[in-house]
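Enquirer: Here's my sequence, what's the structure:
(one chain, ligands or ions: 1)
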Amino acid sequence: MPKPLQAGRRAARRPAELDGEVARAETYPPPYPAGWYVVARAADVTNRPRFVRCAGQDVAVFRGAEGRPHVVDAYCPHMGANLADGVVRDGCIECPFHAWRIAGDGRIRSVTDGAPARPGLRTTSWAVDDLHGWVCMYHRHGPLHREAAPEPPYRLQRVPEIDGGALLHRGDYDAGGVRMHLLEFVENSVDFQHFDAIHDQLRVPWTNVPVPGIRLQHRAGWHVDESEPHVAWFRDDVELLVRGRVIPGAGADARIRIEGPGGVVRFDFDLRGRGRVVLFQSHTPIAPLRQRIRFRWFSERRVPKLLASYVVGNWISQWRRDIGIWERKIYRRKPLLLETDGPVGQLRRWYSQFLPDAPAERETAEARTV
Ligand SMILES: [Fe+2]
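Expert: Prediction:
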């Protein structure tokens, strides 16, 4: 007779590296704050359903009859088949198992053999928005009953100049997965001291190769938006220096809008008379310590595509410097901060609004200054 599997023996066979990642994840706040997350590029959402893992949920993303994207529970409420393996018919997603048809708002239209469903039957759905070519869902806390998605507390802010055509789409970059917690990106914005530590050197755009002799000087700031409590702003004005002297006209000023817990971040680069570049960076948490990261950027017509790519590539080079830190670090609930460190405690209090309500989970670090 086969022996039943023992949890302890399974755990013993788990690779040490995975144990380390589990322990590392446990130092952090909960991994899936409430907020908007990108689930796909709009161009990739068609009448062929897509399976996406986002914020602890497995969802099916598809485009309904009227052309709007929808997000519903990936698993059929009937017998659990994966709806993303089905097809879209009559604007509904049709289950590959018993052909139940489910509308984008989660309502079940018909059941086995095409019989009409009893009114009120539904599966879980999520609020969806299109943000300049990205399909986003609003992840909410609480038990997910089979119910219609409630209206989210806020919508992602659009850029009127993109809608109006003054800013043109210039590029996309899918950076794949990074083994980091979602919080790290946002926390980085208040860590003013690390700019001089790891972002002080100009790099060849899109690479880690330093450009000899050119240093970067940052002036940074951070504040919570007074009229939109879910928004924080980060400012980074950068000068290029050769032998300690500023190169005139070479720097740029960036205003960075952090929407909620950082699922979507918008960079507005002012090239000081040479034009404007708007870059979106998205983090989709697919596991506690794994983010899927995408970039999408726009610029004024007078900014050549190559210059826009140079500006974005400069940012990517600096962002890659942080990844090496993020993928190996833990979260210090009580960091030993210096007077010169940025407002880490303020950021963590602000961020806690997106975390689940359980008191233990809402605990934010009270920073100690030494
Ligand atoms: Fe950084």
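Enquirer: Which strand runs longest in the protein?
Expert: strand 210-224 (DSSP state E).
Enquirer: So for that strand, mean pLDDT?
Expert: Average pLDDT, strand 210-224: 95.
Enquirer: Check which helices and strands it is in contact with.
Expert: helix 182-190, helix 193-198, strand 201-203, strand 231-242, helix 344-351 (3 or more Cβ pairs under 8 Å, 6 or more residues apart in numbering; DSSP states H and E). In short, each C-beta sits where N, CA and C put it, glycine included.
Enquirer: is it possible to export these to a markdown table including mean pLDDT, mean neighbour count and distance to the ion?
Expert: Shown next, in a markdown table, are those (pLDDT from 0 to 100; neighbours: other Cβ atoms under 10 Å; distance: least, Cβ to the ion, whole Å):
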| stretch | mean pLDDT | mean neighbour count | distance to the ion |
| --- | --- | --- | --- |
| helix 182-190 | 96 | 22 | 4 |
| helix 193-198 | 92 | 14 | 6 |
| strand 201-203 | 95 | 19 | 13 |
| strand 231-242 | 96 | 18 | 10 |
| helix 344-351 | 96 | 19 | 14 |
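Enquirer: Serialize these to CSV and add fields for distance to Gly165.
Expert: CSV is the format used below for those (distance: least, Cβ to Cβ, whole Å):
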stretch, distance to Gly165
helix 182-190, 30
helix 193-198, 35
strand 201-203, 33
strand 231-242, 25
helix 344-351, 35
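Enquirer: Near the ion, which residues of this protein are found?
Expert: Listed as neighbours of the ion in the chain under the rule Cβ under 5 Å from the ion: Asn188, Asp322.
Enquirer: per-domain residue ranges of the chain.
Expert: 35-139, 161-348 (automatic domain parsing).
Enquirer: And the last one, how far out from the chain middle?
Expert: Once both centres are worked out by Cα atoms, centre = their mean, to the nearest Å, domain 161-348 turns out to sit 14 Å from its chain's centre.
Enquirer: end-to-end on that domain?
Expert: Using Cα to Cα, to the nearest Å, the end-to-end distance of domain 161-348 comes to 32 Å.
Enquirer: One more: stretch 108-116?
Expert: 9 Å.
Enquirer: Spatially nearest residue to the residue of the chain found nearest the ion, not counting backbone neighbours?
Expert: Residue nearest to the ion within the chain (Cβ to the ion): Asp322, separated by 4.0 Å. In this structure, Asp322 finds its nearest non-sequential neighbour in Asn188, 5.9 Å apart by Cβ to Cβ, 6 or more residues apart in numbering.
Enquirer: highest average neighbour count across the domains of the chain?
Expert: Highest mean neighbour count among the domains of the chain (mean count of other Cβ atoms under 10 Å): domain 35-139, with a mean of 19.
Enquirer: start to end distance for that domain?
Expert: Start-to-end, domain 35-139 (Cα to Cα) is 5 Å.
Enquirer: where exactly do the helices run in this structure?
Expert: Using DSSP state H, the helices of the chain run over residues 7-13, 16-26, 160-163, 182-190, 193-198, 305-326, 344-351, 359-362.
Enquirer: Just send these back as JSON lines, with distance to Phe280 too.
Expert: Listed next are those as JSON lines, based on distance: least, Cβ to Cβ, whole Å:
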{"stretch": "helix 7-13", "distance to Phe280": "41"}
{"stretch": "helix 16-26", "distance to Phe280": "27"}
{"stretch": "helix 160-163", "distance to Phe280": "10"}
{"stretch": "helix 182-190", "distance to Phe280": "13"}
{"stretch": "helix 193-198", "distance to Phe280": "22"}
{"stretch": "helix 305-326", "distance to Phe280": "10"}
{"stretch": "helix 344-351", "distance to Phe280": "20"}
{"stretch": "helix 359-362", "distance to Phe280": "29"}
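Enquirer: And the ones you listed: which comes nearest Thr284?
Expert: When these are ranked by distance to Thr284, counting by Cβ to Cβ, first place goes to helix 182-190 at 9.0 Å.
Enquirer: Mind giving me the packing neighbours of the closest one?
Expert: Checking 3+ Cβ pairs under 8 Å, 6+ apart, helix 182-190 ends up next to strand 210-224, strand 231-242, strand 252-259, strand 276-287, helix 305-326, helix 344-351.
Enquirer: I would like the residues contacting stretch 129-136, please.
Expert: Here stretch 129-136 makes contact (Cβ atoms under 8 Å, 6 or more residues apart in numbering) with 36-43, 45, 61, 69, 71, 128, 138, 155-156, 158-159, 162, 169, 263-264, 280, 282, 294, 296, 298.
Enquirer: cutoff 7 Å now
Expert: 36-42, 45, 61, 69, 128, 155-156, 158-159, 162, 169, 264, 280, 282, 296 (Cβ atoms under 7 Å, 6 or more residues apart in numbering).
Enquirer: Repeat that for stretch 69-89.
Expert: In contact with stretch 69-89 (Cβ under 7 Å, 6+ apart) are residues 39, 42, 45, 47, 49-51, 58-64, 93-98, 100-102, 104, 106, 123-126, 128, 130, 135, 137, 146.
Enquirer: Please repeat the previous calculation with a cut-off of 6 Å.
Expert: Surrounding stretch 69-89, the residues in contact under the criterion Cβ atoms under 6 Å, 6 or more residues apart in numbering are 45, 47, 49, 51, 58-64, 93-98, 100, 104, 106, 123-126, 128, 135, 137.
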